[in-house]
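[1] generate coordinates for the sequence data below:
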Amino acid sequence: MNDNNNRRSFLKKLGAGAGLSAMPAGLFAGMQYTPGQAKANRASSYLIADRRNEGGHSFNGQYTGSYLNHIAFPIGGIGAGMFCMEGTGAISHLSVNNRPEMYNEPYAFAAVSVKGVSNGAKVLEAPVPGWKLFGPAGSGNGSGNRSYGLPRFESGNFLPRFPFATLELGDNDIPLQVKVVGWSPFIPGDEDNSSLPGGVMEYHFKNNSGKKVEAVFSYNARNFIDENGQILEEKNGFRVTKANSKKESGFSIFVDQDNAVVDYCWFRGGWFDPQTILWKQIRNGELVSNPPVEGSAPGASIFVPISVLPGEEKVISVNFNWYLPNSKLSAGALLNAGPAFRESPSRGTAPNQMEVSGFAGKRLVNTFDPKGDGQTGILQSPVLKISKRYLKFLIGGGSNPETTAVKLIVDDKVVEVATGLQSERLLEKTWDLEAFAGKEATIQIVDQDTYPWGHILADQFVLTDNPNENLSNLSDDAILVADFENDNYNGWKKIQDSQESPELEETEPFYKPWYTSRFKSLDEFIVYWKTHIKDLKKKSELFRDAFYNTTLPVEVVEAVAANLTILKSPTVLRQYDGRLWGWEGCSDNAGCCHGSCTHVWNYAQTIPHLFPNLERTFRETEFEVNQNEEGHQVFRSNLPITTTIHNFHSAADGQLGGIMKIYRDWRISGDSSWLKKLYPKVKQSLDYCIETWDPKHQGFLEEPHHNTYDIEFWGPDGMCTSFYIGALTAFIEMSKALEKPCERYETLVASGKNYMETELFDGEYFIQKIKWTGLVAPNPVEAQSFNTKYSAEALEILKKEGPKYQYGKGCLSDGILGMWMASVCGLKEALDNEKVTSHLNSIHKYNLKDTLIDHDNPQRPTYACGEDGGLLLCTWPKGGKLSLPFVYSNEVWTGIEYQVASHLMFKGEVQKGLDVVRECRLRYDGFIRNPFDEYECGHWYARAMSSYGMLEGLTGVRYDAVDRALHIDSKIGDFTSFISTQTGFGNVGLKGGQPFVKCYFGEIDIQKVLVSGVEKKFLKS
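    Residues are numbered from 1 along each chain as shown. Here you go, the predicted structure:
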């Protein structure tokens, strides 16, 4: 038996509902992990415990000890920003400025000082994780800007129950039972109250001793919004603001206690004076009151005296409200972003741009500045005489020689072209102009691109006879053509774009969060918050209670709940008019991969069920804003949401998936007028897909088709053709409902089904047939592609193997993804059930690994590597692996793990699905990775919301609002699970094979219940 089977067998012995804490005591004795033991440990059935000698973390259970290390639980509103409650109770990841700030750990903490107790003053947090003390930026200089050196509680136990998280603190010095509860409103179906810019940290103090306890609670913070801003008065709290901002904005911290005393200005002094005096005041239990001061202050504190009788519990709620309406955030190809060349040269890095470097002096040409890639134009030099042999200059930015380039024009012809390397660093470029000596020429700096990297950087144009001329220290013989150091372009002209430009629309150029349309100021929001906070908490508790009242496997419950936090992360934005928009994930200080990318958000099944009104705004953007009259759909939407330019491929999986999601969202909402309105656009979209990728009308995608791997597949493949069949199936169902003709599409489904099952099924799983000749598309070297260039070496591979980045005979984990999409959208899978199941079983057999210690991954390893287990995107168990297989093929993505697990569950392969889930969640156990941040290309990656599909995969529960029918098709016998619909949420299940429904919030209009297709009576409460 191999190592993989040993470990997987061991996991199964634990049972679907068991975690590590279920193991017998002493099992971990002596199993201290050291890197040198890794290979030897692989031979043990207990590899799972190799570094977890504390008893581990039970799925859906508490986190304690070193499993608190990397916990960061988001608190905030949908599209409103967040802060995270760490496993220790600390605050981190503060991201309220309309962008991610992953390493923003504010100097802010709660403390308690118990009178008459030695060592009675403690920060209300568990011990600081060791990794913070050595390694992060600044730790080598002592991290004087952190509170790590202040006494803390000895231990903590962290229990997440989304949207609540509870930390129980323990310390022998403190005669109180202390717990911290962090939360923010989350009410399925109520998108507005779930989008509020606020959160709460509740501090509970219970006296289990026989004596009254007197103490002082405090909350203390620097101005973590802007150290140059002011700290202003707030009832029972304080407000930190940005410099020169209005009082109506800022970040407020206040308590629900009217006996609070506020110090608006800590002791002012050098070195560590403010912190030193502050801790002295906390330690002594002082109630310090100082008024606000003009200008900046070192920090502020709220003090609350508490007296707790024996057996009594006191709760102090610390409220965090923010209102930061302004941003310089935009993304995508904004048609109205304006001219590429502002009134004067740029001073460097623009808002939302990666750092620009390598330019000379203090200014340069930067066509990203100020409004991003959506700006276009041409800047042309005065006529110059070529009096030197060489022209040297600095260039960066985009790499398209037609649309983002510096061009030299002689005799009305472009004789030289230079581009950037898709980098914000400017590099030297030298042109040898010997052939043009004595002639007149002009230089053009061209930006005719609005796609990502649709900008150009240029600086320091110099004529010289020395090819090694130092552009930073010119020789006497050199001629400076332009350095762009002045307030104008010194005779360079902005000339009219020669391309036809679409009619521009008026729009706000930068993103503004939804809450700014609902509330006109922070003061107005605080009034609303205080008025409704009890009701918001009660309704959020209803959701929590309904969701966790379940008999589903605990690893599934943990996975689904953990990824609900994505909705509170900066991955999700909600713009001023209420429409939803999303990044793919969050880089450290900016969103990663813009535009609610259709092929990534395909996987996300959470929002359509919990907030269907918001989900439908995605469809409206895709079909009404991002789709042109030909049916071409841009797969990344602008921010703010506006009409964009159609200058790149549609994404086949994204556009076809959108058609299935139209069907899903119609059935969830029951709104047939919505479907009727969008139906012509849906038909237009599908017809475009047919003519673009299946022009011969064969029922499969043959022409090169862009997809979620950021490349094009050449020739028919199981993954994208399954999307095609799914979209055709959805369109047929919608057409029949609206009494529209659909025979053409039925013929295509039949042809596609036959081809998939006979030509793309290798007897075990579905494959790709690579094809690059005999197509409408030009050969791969000439075809448009994203960052796919053919070097001399790559051309040799092309001759032998075909285009780069295919999967051919591989076993692709996404290889039947379109049929999973069909299932979660409420459609029947058109393909043969046995063949689909065989493919899924092959993925489990070949792609699921319990250790990657011998797996080679030259791509992005941190998602899973070393002793981690996980589901590989693709393997080639029968040979035929290409020299350059598709990008990312060696990686592990949680969103794909969950869709495969869910699909296996749909097919009754529950244990195999759970195998996949366990491997995934073992990586996210708090020891190394944050359990609430499954990352892919960025933190809180949207694809991971495929996890919600496991609820339907296990139970078959689906509510159809059109027919007012509840469908149940359980793969686990009797069960209790969560259900959320357009109008209400609650519990659903089977008891003794009989269905029941209990509504917690709103109502669900159920006229009939079908259990495995058979109508049954049901109990409703």
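[2] buried residues, the one helix or strand Ile797 maps to. List them.
    Element membership for Ile797 (DSSP states H and E) is helix 792-801. If you call a residue buried by 16 or more other CB atoms under 10 Å, then helix 792-801 has these buried ones: Ala794, Ile797, Leu798, Glu801. Where you see a C-beta, it was placed from the backbone N, CA and C, and this is true even at glycine.
[3] and for stretch 221-230?
    Using 16+ other CB under 10 Å as the test for burial, stretch 221-230 gives Ala221, Arg222, Asn223, Phe224, Ile225, Asp226, Gly229, Gln230.
[4] so which residues make contact with it?
    94, 96, 104, 106-109, 231, 238, 240-243, 245, 250-251, 253, 292, 294-301, 324 (CB atoms under 8 Å, 6 or more residues apart in numbering).
[5] could you point out which element follows the worst-scoring helix or strand of the chain on mean pLDDT?
    When the helices and strands of the chain are scored by mean pLDDT, DSSP states H and E, helix 38-41 comes last with a mean of 31. Scanning forward in sequence from helix 38-41 by DSSP H and E, the next helix or strand is strand 63-64.
[6] what comes into contact with that next one?
    With CB under 8 Å, 6+ apart, strand 63-64 has contacts from 54, 57, 71, 87, 155-160, 925-926, 931.
[7] ok, now with 10 Å
    Applying CB atoms under 10 Å, 6 or more residues apart in numbering, the contact partners of strand 63-64 are 21, 54-57, 69-71, 87, 126, 155-160, 165, 167-168, 170, 925-927, 931.
[8] buried subset of these, written for ChimeraX?
    Here is the ChimeraX command that selects the buried residues among these (16+ other CB under 10 Å):
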select :55,56,57,69,70,71,87,126,156,157,158,159,160,165,167,168,925,926,927,931
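[9] just confirm Thr419 contacts Leu426, I think it does.
    No. If you go by CB atoms under 10 Å, Thr419 and Leu426 don't touch, sitting 12.0 Å apart.
[10] now the longest helix along the chain, how far from the centre of its chain.
    Under DSSP state H, the helix in the chain containing the largest number of residues is helix 522-548. Here helix 522-548 shows a centroid-to-chain-centroid distance of 25 Å under the convention CA atoms, centre = their mean, to the nearest Å.
[11] mind listing what's buried in it?
    By 16+ other CB under 10 Å, the buried positions in helix 522-548 come out as 522-523, 525-526, 528-529, 533, 536-537, 539-544, 546-547.
[12] what average pLDDT does that helix get?
    Averaged over helix 522-548, pLDDT sits at 98.
[13] flag every buried residue along the helix or strand that it is followed by.
    Sequence order places helix 554-564 as the next helix or strand after helix 522-548, per DSSP H and E. Buried positions in helix 554-564, judged by neighbour count with 16+ other CB under 10 Å: Val554, Glu555, Val556, Val557, Glu558, Ala559, Val560, Ala561, Ala562, Asn563, Leu564.
[14] please name the nearest non-neighbouring residue to the second one.
    Same thing as Glu555. Phe59 (4.3 Å; CB to CB, 6 or more residues apart in numbering).
[15] same deal with the last one?
    Using CB to CB, 6+ apart and skipping the chain neighbours, the partner closest in space to Leu564 is Phe162 (5.1 Å).
[16] can you check Val910 too?
    Closest to Val910 by CB to CB, 6+ apart is Lys971, at 5.4 Å.
[17] which one is Leu480 nearest to, not counting chain neighbours?
    In space, and not counting its chain neighbours, Leu480 is closest to Val462: 5.7 Å by CB to CB, 6+ apart.
[18] pretty sure that neighbour contacts Ala482?
    Yes. Taking CB under 10 Å as the definition, Val462 is a contact partner of Ala482 at 8.8 Å.
[19] now the common contact residues for the two.
    Shared contacts of Val462 and Ala482, defined by CB under 10 Å, 6+ apart, comprise Phe393.
[20] rewinding a little: buried among the contacts of stretch 221-230? Need that as a selection in ChimeraX.
    In ChimeraX, this line selects whichever of the contacts of stretch 221-230 come out buried by 16+ other CB under 10 Å:
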select :94,96,104,106,107,108,109,231,238,240,241,242,245,250,251,253,292,296,297,298,299,300,301,324
